[in-house]
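K.L.:
need a 3D model of the following:
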Amino acid sequence: MVWPLPELPMRWEALPCPLEAGWALIRLWELPKRADNGLSLGGFSAAAYQASDDRLWLVSDASRGYLLPVGPLAKALRTGDPLQVGPRLVLRDQSGTPLPPSFDAEGLVLTGNHGVWIVSEGRRQAGHQARLQRFSLRNGWLLETKRLPPAWTARPGQGLAVNQGPESLTRSSDGGLVLAAEAPLLQDLAQGDTDGVRLAHLDREGVLEERGRLPLDSSDSDPAETDPEETDSEETVGLTELLALDGPPALLALIRRHRPLHWTAKLQLFSWPARPSPLALQPITGWDFTTEEVPRENWEGLAWGPKLDDGRRTLVIVSDDNFSLIQRNLVGLLAPRRSPRCRSLPKD
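P.N.:
Residues are numbered from 1 along each chain as shown. Next up, the predicted model:
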């Protein structure tokens with residue numbers, strides 16, 4: 001199995017400096033709920049930026065899954081114009097038939113050779129398993145399917161929980177892919193691990209193996225500053241996206257907390273071990289980006305966006321409207337804040 005090496009940004013161009021400087025929202029677009037041909041638009045759960053065409057690809061978890069090209073992104077950032085929505089690319093099986101409603105797309109990575117990897121969440125039902133699959137960007141047809149690690153398979157007392165399968169997918173610094181469960185597996189919960197989600201790594205030879213865990217509750221915020229209204233028995237927390245960067249390797253994790261009609265989202269930065277390890281990833285720092293300019297929406301997608309004139313790499317965030325009339329399809333661009341006196345970033 002061969003696909004082009006990823007072009008991941010370095011820490012110095014992609015992260016705030018100093019780290020505690022945080023992120024600034026520099027642009028926010030609202031996408032329409034319907035395309036020009038009248039078809040509904042929404043349910044966008046992941047994004048990937050194609051720099052060669054200045055195009056952002058979104059994947060929808062609609063009952064008939066599809067990819068949607070949006071852009072031009074860098075041009076719209078410069079001119080202030082709205083984003084243009086292209087035609088939907090319906091995802092199909094190897095016979096050309098549209099995928100069934102059981103397909104639940106949640107993560108997206110472009111391969112660079114007119115292909116795209118998509119991870120689907122799945123359910124604990126026959127014919128509705130979580131999968132990692134590669135599709136053609138030319139016609140949307142399925143090209144390849146990879147089985148997830150055995151421990152993730154639904155069996156009595158084990159596997160991915162209902163509606164808590166893989167929601168995140170990113171390129172890794174070694175040219176492979178990294179994916180993660182949204183929440184702990186059933187067997188982990190049974191052993192009292194209510195915090196760590198499992199990670200898996202697909203190398204360039206096509207071998208898919210588990211690669212440690214990522215803690216969900218790794219925020220370094222002051223408990224005294226926590227809003228008591230944001231913690232109740234109905235709140236759920238999950239990992240909704242991963243995004244890799246280099247110099248040295250690290251992962252950005254989008255961790256979402258939700259209670260009815262109320263979302264908060266935090267970015268957490270983790271070190272990525274150079275060698276396979278069963279240990280939990282170590283947090284470096286984190287940011288709550290729904291406390292200031294960023295609206296409190298159901299943010300699910302992350303992607304590295306175009307560069308700014310000063311060399312900073314933008315971070316694309318995408319919201320999932322859940323096909324609701326009261327939620328929005330939003331695309332935002334964040335820029336890492338920089339202090340003029342900050343010359344370097346810590347390695348750990």
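
K.L.:
next, give phi and psi for residue 294.
P.N.:
Dihedral pair for residue 294: phi -80, psi 130, per degrees, to the nearest 10.

K.L.:
so it sits against residue 24, correct?
P.N.:
No - in this structure, residue 294 is not within contact of residue 24 by C-beta atoms under 8 Å, at 9.8 Å. Every residue, glycine included, has its C-beta placed from N, CA and C.

K.L.:
any common contacting residues for the two?
P.N.:
Applying C-beta atoms under 8 Å, 6 or more residues apart in numbering, one finds that residue 294 and residue 24 are jointly contacted by residue 334.

K.L.:
which one of those two has more residues nearby?
P.N.:
For the pair residue 294 and residue 24, the greater number of neighbours falls to residue 294 (20 against 16), based on other C-beta atoms under 10 Å.

K.L.:
which residue comes closest to that one once chain neighbours are left out?
P.N.:
Closest residue to residue 294 apart from its sequence neighbours, by C-beta to C-beta, 6 or more residues apart in numbering: residue 25 at 5.4 Å.

K.L.:
middle-most residue in this structure, spatially?
P.N.:
In the chain, the residue lying closest to the centroid (C-alpha atoms, centre = their mean) is residue 241, at 2.8 Å.

K.L.:
just checking: what are the partner strands of the helix or strand hosting that residue?
P.N.:
Taking DSSP states H and E as the definition, one finds residue 241 inside strand 236-245. Strand 236-245 has its sheet partners listed here by DSSP bridges as strand 250-259 (antiparallel).

K.L.:
list the buried ones in whatever helix or strand comes next after the strand it pairs with?
P.N.:
Scanning forward in sequence from strand 250-259 by DSSP H and E, the next helix or strand is strand 262-271. Of all the residues in strand 262-271, those buried under the rule 16 or more other C-beta atoms under 10 Å are 263-270.

K.L.:
C-alpha coordinates for strand 262-271, CSV please?
P.N.:
The C-alpha coordinates for strand 262-271 follow below in CSV (Å, rounded to 0.1, in the frame of the first residue of the first chain):
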residue,chain,number,x,y,z
HIS,A,262,-25.4,23.0,24.5
TRP,A,263,-21.9,22.3,23.2
THR,A,264,-18.4,23.3,24.3
ALA,A,265,-15.2,22.3,22.6
LYS,A,266,-11.5,22.2,23.6
LEU,A,267,-8.3,21.6,21.7
GLN,A,268,-5.7,19.5,23.4
LEU,A,269,-2.1,19.1,22.3
PHE,A,270,-0.4,15.8,22.8
SER,A,271,3.0,14.4,22.1
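
K.L.:
that one: what's the following helix or strand?
P.N.:
Moving toward the C-terminus from strand 262-271, the next helix or strand (DSSP H and E) is strand 283-288.

K.L.:
what packs against whichever helix or strand comes after that next one?
P.N.:
Downstream of strand 283-288, the first helix or strand assigned by DSSP H and E is strand 299-307. With contacts taken as 3 or more C-beta pairs under 8 Å, 6 or more residues apart in numbering; DSSP states H and E, strand 299-307 sits against strand 44-50, strand 55-60, helix 73-79, strand 236-245, strand 250-259, strand 313-319.
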